[in-house]
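Chemist: Sequence plus the predicted model coming up.
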Protein chains: 2
Amino acid sequence: MGMATGKGGTDRLSSLQALLEEAGIDVLAITPGTTCFYLTGVWLLGSRLTLFLVPRRGQPAWVVPRLEASRVAEGGAGSPPVFAYADGEDPAGAVAAALESVAASLGGTPRVAAMEERVARLFEWRAVASALPAAEWRAADPLLAKLRARKDAAEIAAMRKAVDLVETALAHASRCVSPGWREDQIATEVEKALRQLGTHSPFGVHVASGPRSAVPHAETADRVLEPGDLVWIDVGASVDGYASDITRTFLLPPEGRETEEYATRREIYAVCYRAQAAARQAARPGVRAGDVDAAARRVIEAAGYGEFFTHRTGHGLGLDVHEAPDIAPGSDTVLEPGMVFTIEPGIYVPGIGGVRIEDDILITEGGSRSLTRFQRWLAPGPAPDDGEGGPVGGDGGA
Amino acid sequence: MGMATGKGGTDRLSSLQALLEEAGIDVLAITPGTTCFYLTGVWLLGSRLTLFLVPRRGQPAWVVPRLEASRVAEGGAGSPPVFAYADGEDPAGAVAAALESVAASLGGTPRVAAMEERVARLFEWRAVASALPAAEWRAADPLLAKLRARKDAAEIAAMRKAVDLVETALAHASRCVSPGWREDQIATEVEKALRQLGTHSPFGVHVASGPRSAVPHAETADRVLEPGDLVWIDVGASVDGYASDITRTFLLPPEGRETEEYATRREIYAVCYRAQAAARQAARPGVRAGDVDAAARRVIEAAGYGEFFTHRTGHGLGLDVHEAPDIAPGSDTVLEPGMVFTIEPGIYVPGIGGVRIEDDILITEGGSRSLTRFQRWLAPGPAPDDGEGGPVGGDGGA
């Protein structure tokens, strides 16, 4: 409640207003979602028009359906005025009144307005745009990515706990990863463990085995695990709204002699393992995100599997499961301390199977640290050399 | 897989194309979400640009990130061509190629284009709009509401099961609704029961008690229940993607003599109970949705509590927890057999408490039927007369 930082609060609002001033944006219209929660501490539904209008200086204003008026008034965003409308009533009046309040802070009608292009929906944009017909529109996404990408201590503590919880659940369910178990039974074991820990996976529990593991976003099915299978589990946990995200791949021992397909599975596992380590070692402050992607891609391409690595190396993590920074080819975001993102190269060979190894990485002052500590090599035989003599970047390593 | 109806399939696509033809819309750009699932049988994430382009005649086309290409190709939408782009690559090329494929079906570049204004985000719209700079834009929402509002037998069966599951979980947890229990403990009991039934609540489990119950969208907290409290539980279940949504309010017996506040709680409970029954009795084919809202509102206003009924009477239910039809003041949607929606009037008196009673209603050929059968009167003493002598609309009633 009130002014608490860590869940909304005036510090984050001030930082945002400084960025708006710098960018020459008069008003930012925030719609329900994680940025709204980040700034105000309130989770809102979006089926009725809901806006948090932030001018570059002065008091923000809410536009909310009447039934949410008391909830936003008690949120952590200070006491901005609340303009409510009733069900069945056109919200245009409330939008106009809220914009007038914002204009009073600015000393005039906003001329440059912004919304989150990846979050705001067309009806929300039209509601504001029709009230500001002369406004020039900007995308607020880059500015908000900048605001949210560097996590503070409370955010990092929540994410660390989310990582610990998912690792506990995964360890519990690992004993089921053997021939005869079905994918959905394994997923249920993971879900049960998460539930007992008081959390859940914000994006579901994905288990894919055998040929199905070659589909990067496969959904859990009822396939029964067989000897020699590749099996991956992709799951997260959630603490105070913050996500963790982990993938581990298991290579089950073969029945009888190794086939040629099995040898390929072992090979792509080892290549992916080395690629993942290379990307972790590349991650440190001052490095471009694209260079972290390139570090993983180089290992996989050199081994001749480049065409089977069909996605980026990773994505930022926080209140959203996918947020900034993007660890993708050509991404020129410069890594800074406090950024948290996944490193998850994958190799998917149709008919043979797929491997993905995913950790959550924190950029520190001196290098980087993997919040994920779960064993990465879950295949028969010793792990290949991952080139990690010691701590990454001198900062404690994995 | 293939052409199955019930999860995507060509029947729904044909119905959609007939509506597009009628509306003069050349191409509809569908973004990830429930309409996409309804038409294609595939659940997709939306963090990377993803489009399902449906021309008013001929073959649709997909624009997808490369890692989703195999998944959409195996979906239930027939075999539309898939235009994929790699992470780190501008998707504009894939969008242009997909629009060319659609233009070939139409015999020319689309001139009238549509998106779902309540679903499509600004970046998705800009991606299509910049490839079709001369297009006139329409909102696809009314047309898709029409397509999706009348549920078929498979959809109704899924929703009926989702109602049964949530009622079982609620019955299990009801025994905990007594003084000394905390709201979050009750919510955990409901969640555990849902989990054991193989489902979850698509919108969380909301328990609010005492003065907190006067906030219609209150989140569960750690308040301990006291004698004389109003306590409501709002929860759903999910079956094959379809939601149920139920609210029940409990009035706990007072300790010692009845206070004036307690008498008010009993009164608003009885008024809400009668209002809910009146709305159910008003629901039948040919009636306007606004008249169902008015039936509930009239009872509450006549009792002098109109200002404390701060939301609409209900909302459509299906793949989305909030969809068409809107049971709100002035809504002129005419009810048709197969429509499913909630009826959930509420009265929220600050400092005293709130009551909401919510059922899921199916419009039948002859009237309506409540899919929800859970006891509605959960207060001390006999239920007031709800004016229901027998079945609603002669069709089996509650």
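Modeler: Cool, got the structure.
Chemist: all strands for the stretch 1-150 of chain A, in order.
Modeler: Using DSSP state E, counting those that start in this stretch, the strands of the stretch 1-150 of chain A run over A:27-30, A:51-55, A:61-65, A:82-85, A:112-115, A:136-139.
Chemist: can you tell which of those strands is closest to chain B?
Modeler: strand A:112-115 (6.4 Å; CB to the nearest CB). (Glycine included, C-beta is placed from N, CA and C.)
Chemist: any idea how far the closest one is from the chain center?
Modeler: Relative to its chain's centre, strand A:112-115 lies at 25 Å (CA atoms, centre = their mean, to the nearest Å).
Chemist: partners of it, with directions?
Modeler: strand A:27-30 (parallel), strand A:136-139 (parallel) (DSSP bridges).
Chemist: Show residues contacting it.
Modeler: Contact with strand A:112-115 is made by A:20, A:23-31, A:124-125, A:128-129, A:132, A:135-140, A:143, B:122, as judged by CB atoms under 8 Å, 6 or more residues apart in numbering or on different chains.
Chemist: which ones are touching the nearest residue to A:Arg150 once chain neighbours are set aside?
Modeler: Sequence neighbours aside, A:Gly338 is the residue nearest to A:Arg150 in space, at 3.7 Å (criterion: CB to CB, 6 or more residues apart in numbering or on different chains). Residues counted as contacts of A:Gly338 (CB under 8 Å, 6+ apart) are A:Ala149, A:Arg150, A:Lys151, A:Asp152, A:Ile156, A:Leu362, A:Ile363.
Chemist: export these to a markdown table and tack on secondary structure, pLDDT and distance to A:Gly353?
Modeler: A markdown table is the format used below for the contacts of A:Gly338 (DSSP: H, G, I helix; E, B strand; the rest coil; pLDDT from 0 to 100; distance: CB to CB, whole Å):
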| residue | secondary structure | pLDDT | distance to A:Gly353 |
| --- | --- | --- | --- |
| A:Ala149 | helix | 96 | 34 |
| A:Arg150 | strand | 96 | 38 |
| A:Lys151 | coil | 97 | 35 |
| A:Asp152 | coil | 94 | 40 |
| A:Ile156 | helix | 98 | 35 |
| A:Leu362 | strand | 98 | 31 |
| A:Ile363 | strand | 98 | 32 |
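Chemist: between the residues you listed, which has the most around it?
Modeler: Ranked by neighbour count (other CB atoms under 10 Å in any protein chain shown), the contacts of A:Gly338 have A:Ile363 at the top, with 26 neighbours.
Chemist: Around chain B, which positions in the stretch 1-150 of chain A sit nearby?
Modeler: Taking CB under 8 Å from any CB of the partner chain as the contact definition, the stretch 1-150 of chain A meets chain B at A:43, A:45, A:47, A:65-71, A:86-89, A:115-123, A:125-126, A:139, A:141.
Chemist: List of residues touching the least confident helix or strand in chain A by mean pLDDT?
Modeler: Lowest on mean pLDDT, DSSP states H and E among the helices and strands of chain A sits helix A:69-73, with a mean of 88. Around helix A:69-73, the neighbours that count as contacts under CB under 8 Å, 6+ apart are A:40, A:42, A:44, A:62, A:64, A:79, A:82, A:84, B:214-215, B:217-218, B:310, B:350.
Chemist: 7 Å instead, please
Modeler: Contact partners of helix A:69-73, identified using CB atoms under 7 Å, 6 or more residues apart in numbering or on different chains, comprise A:Val42, A:Trp62, A:Val64, A:Val82, A:Ala84, B:Val215, B:His217.
Chemist: Over to stretch A:31-48?
Modeler: Counting by CB under 7 Å, 6+ apart, residues outside stretch A:31-48 touching it are A:7-8, A:12-13, A:16, A:30, A:50-52, A:65, A:68, A:71-72, A:75-77, A:116, A:119-120, A:124, A:144, A:148, A:241, A:319-320, B:322.
Chemist: how about the helices of the stretch 51-200 of chain A, start to end?
Modeler: Along the stretch 51-200 of chain A, the stretches classed as helices by DSSP state H, counting those that start in this stretch are A:69-73, A:92-106, A:122-129, A:141-149, A:153-174, A:183-196.
Chemist: So for the longest one, what gets flagged as buried?
Modeler: Counting neighbours by 16 or more other CB atoms under 10 Å in any protein chain shown, one finds that the buried residues in helix A:153-174 are A:155-156, A:158-170, A:172-174.
Chemist: now do the third one
Modeler: Residues A:Leu122, A:Phe123, A:Glu124, A:Trp125, A:Ala127, A:Val128 are the ones in helix A:122-129 that count as buried (16+ other CB under 10 Å).
Chemist: returning to that earlier point: quick one: which of the contacts of helix A:69-73 is nearest to B:Glu100?
Modeler: A:Val64 (43.6 Å; CB to CB).
Chemist: part of a strand, is A:Gly381?
Modeler: No: according to DSSP: H, G, I helix; E, B strand; the rest coil, the state of A:Gly381 is coil, so it is not within a strand.
Chemist: and it, how many residues sit next to it?
Modeler: A:Gly381: 11 neighbours (other CB under 10 Å).
Chemist: In CSV: the strands of the stretch 1-150 of chain A, plus mean pLDDT and mean neighbour count.
Modeler: Below are those laid out as CSV (pLDDT from 0 to 100; neighbours: other CB atoms under 10 Å in any protein chain shown):
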stretch, mean pLDDT, mean neighbour count
strand A:27-30, 98, 27
strand A:51-55, 98, 26
strand A:61-65, 97, 26
strand A:82-85, 96, 20
strand A:112-115, 98, 23
strand A:136-139, 97, 16
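Chemist: Turn those strands into JSON lines, columns for distance to B:Ser331.
Modeler: Putting the strands of the stretch 1-150 of chain A into JSON lines (distance: least, CB to CB, whole Å) gives the following:
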{"stretch": "strand A:27-30", "distance to B:Ser331": "26"}
{"stretch": "strand A:51-55", "distance to B:Ser331": "23"}
{"stretch": "strand A:61-65", "distance to B:Ser331": "15"}
{"stretch": "strand A:82-85", "distance to B:Ser331": "15"}
{"stretch": "strand A:112-115", "distance to B:Ser331": "28"}
{"stretch": "strand A:136-139", "distance to B:Ser331": "31"}
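Chemist: Out of those strands, flag the one nearest B:Gly314.
Modeler: strand A:61-65 (14.5 Å).
Chemist: Would you mind writing the CA trace of the closest one as CSV?
Modeler: Only the C-alpha atoms of strand A:61-65 are listed here, as CSV (Å, rounded to 0.1, in the frame of the first residue of the first chain):
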residue,chain,number,x,y,z
ALA,A,61,-4.7,9.5,-13.8
TRP,A,62,-6.7,6.3,-13.9
VAL,A,63,-9.5,5.4,-16.3
VAL,A,64,-11.2,2.3,-14.8
PRO,A,65,-14.5,0.5,-14.9
